[in-house]
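J.: Okay, sequence plus prediction incoming.
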Amino acid sequence: MKTKPVWGSFASCAAISSALPGRGCSARAGRLETGQQDAILPHRAGLTLLEVVIAVSLLSLLMVGVMTSLRLGLGALGRTNLQLMANRRVAGAQRVLEGQLEGFMPVIGLYGGAPEAPPTTKMPFFQGEPQSMRFVSSYSLQEAARGLPRILEFQVIPGNNGEGVRLVVNENLYTGPVSAGFFCLGKGPDPLSGVDSFRFRPIEIGARSFVLADRLAFCRFTYQETPPPPAPVKWTPSWVLPRWPGAIRIEMAPLDEGGPRLRPVSVTARIHVNRYAIFEYGDY
């Protein structure tokens, strides 16, 4: 079967003669068969080095732009997540603090007058100082309002690296009047007012202490005293009366005022107690 001849323009007569012996070089000898032309003349289509360099450069610039956009997006997502988690911690600690104050329980503690004496002396269990506070609450960090009562110990301590202050709390299981009286040391003069009042053991800060608020400019406790009318209600930084206060206020302010983060605010809780510590209550 014969193939259609084509004109070849890339080979000279000498090259044709050497490749195809027996054929002469005439004016019409430039016509070659298609199969013979493909075997003799290779394809020369391709890209130049300049075109390759330009393509690689454009691809590199595109990849740099994509990676920069991804890095900026991931950085913004990380900062937003950290800010959201910080706001949740502040809001959660605020709710816990309000729940602990609202769960205040009027407990009578029993302690011994001497180190070896049996616990027979009664006292209204409440410690109220400007930087320390101790009472029994039905609300706890571990079990919220559904668990057993806890003896809460609030303490203001210096912040990390000496920057500001922080508010921490300890929780101890309340099992009865004796467990509350364990923290009492008897009566003695108050160091601030000089009035004879109940004294308590120092609050110990350790690994079990939970940080309720950090990086505070200040944090202090005040207590509401409700005298008989017509005397006005007043707030005192130290509670020395043999009864429970009418309300508790925790005043605090953040160390850093600027920024979009949620800041801790002061908390005031009413103590709903309608009994007196000096009276004996029972079924008669």
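T.: Received, thanks. Numbers count the residues shown, from 1 in each chain.
J.: drop to CA atoms for contacts and neighbour counts, all remaining ones
T.: Fine.
J.: the strands in the stretch 101-250 of the chain, which residues?
T.: Listed in chain order, the strands found in the stretch 101-250 of the chain under DSSP state E, counting those that start in this stretch are 104-105, 108-111, 121-124, 127-128, 132-137, 150-158, 165-173, 184-189, 196-200, 210-225, 234-236, 247-254.
J.: would you turn those strands into CSV with mean pLDDT and distance to G92?
T.: Formatted as CSV, the strands of the stretch 101-250 of the chain follow (pLDDT from 0 to 100; distance: least, CA to CA, whole Å):
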stretch, mean pLDDT, distance to G92
strand 104-105, 92, 19
strand 108-111, 88, 30
strand 121-124, 85, 30
strand 127-128, 92, 24
strand 132-137, 94, 18
strand 150-158, 95, 17
strand 165-173, 93, 14
strand 184-189, 81, 31
strand 196-200, 82, 30
strand 210-225, 90, 9
strand 234-236, 91, 27
strand 247-254, 91, 16
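J.: To V64, which of the ones you listed lies closest?
T.: Closest approach to V64 among those (CA to CA): strand 210-225, 40.0 Å.
J.: in this protein, which helix has the most residues?
T.: Scanning the chain for the helix with the most residues, using DSSP state H, yields helix 49-102.
J.: Below-threshold pLDDT in this protein: ranges please.
T.: 1-45, 113-116, 192-194, 257-261, 276-284 (pLDDT under 70).
J.: Kindly state the domain boundaries assigned to it.
T.: Split into domains by automatic domain parsing, the chain comes to 6-40, 76-270.
J.: re the thing from before, angle of the longest helix of the chain against strand 247-254?
T.: In terms of direction (axes from the mean of the first three to the mean of the last three CA atoms, to 10 degrees), helix 49-102 departs from strand 247-254 by 160 degrees.
J.: what's the distance between helix 49-102 and the middle of its chain?
T.: 17 Å (CA atoms, centre = their mean, to the nearest Å).
J.: packing partners for that helix?
T.: If you count contacts as 3 or more CA pairs under 8 Å, 6 or more residues apart in numbering; DSSP states H and E, helix 49-102 packs onto strand 210-225, strand 267-270.
J.: Could you check stretch 85-102 and say which residues are buried?
T.: In terms of neighbour count (16 or more other CA atoms under 10 Å), stretch 85-102 has its buried residues at N87, V90, A91, A93, Q94, V96, L97, E98, G99, Q100, L101, E102.
J.: okay but the second one is in contact with R215, surely?
T.: No - applying CA atoms under 8 Å as the test, V90 and R215 come out as separate, 11.4 Å apart.
J.: Of all the residues in stretch 240-250, which ones are buried?
T.: V240, R243, W244, P245, G246, A247, I248, R249, I250.
J.: quick one: which of the residues you listed is nearest T120?
T.: Out of those, the member with the shortest distance to T120 (by CA to CA) is R243, at 18.3 Å.
J.: Distance of the closest one relative to N87?
T.: 37 Å (CA to CA, to the nearest Å).
J.: G176 now?
T.: 37 Å.
J.: With R146 instead?
T.: For R146, the distance to N87 (CA to CA) stands at 25 Å.
J.: what sits against F218?
T.: Counting by CA atoms under 8 Å, 6 or more residues apart in numbering, F218 touches G164, V165, E251, M252, A253, P254, L255.
J.: What is the neighbour count of the second one?
T.: Put plainly, it is V165. Residues near V165, counting by other CA atoms under 10 Å, number 21.
J.: Wait, it touches Q155, no?
T.: No - at 10.3 Å, V165 does not count as touching Q155 under the criterion of CA under 8 Å.
J.: Quick check: nearest residue in space to S266, chain neighbours excluded?
T.: Distance criterion CA to CA, 6 or more residues apart in numbering; nearest residue to S266, sequence neighbours excluded, is E251 at 4.5 Å.
J.: for V233, what are its contacts?
T.: Counted by CA under 8 Å, 6+ apart, V233 has contacts Q224, E225, T226, P227.
J.: Quick check: it vs I108, distance?
T.: Taking CA to CA, one finds V233 at 25 Å from I108.
J.: Now do the same contact list for L173.
T.: L173 neighbours (CA under 8 Å, 6+ apart): L148, P149, R150, I151.
J.: The first one - how many residues pack around it?
T.: The number of residues packed around L148, counting by other CA under 10 Å, is 15.
J.: same thing with the one 4 residues further on?
T.: Neighbouring residues of L152 were enumerated by other CA under 10 Å; the total is 23.
J.: I'd guessed it sits against Y139; true?
T.: No - taking contacts as CA under 8 Å, L152 lies outside contact range of Y139: 9.4 Å.
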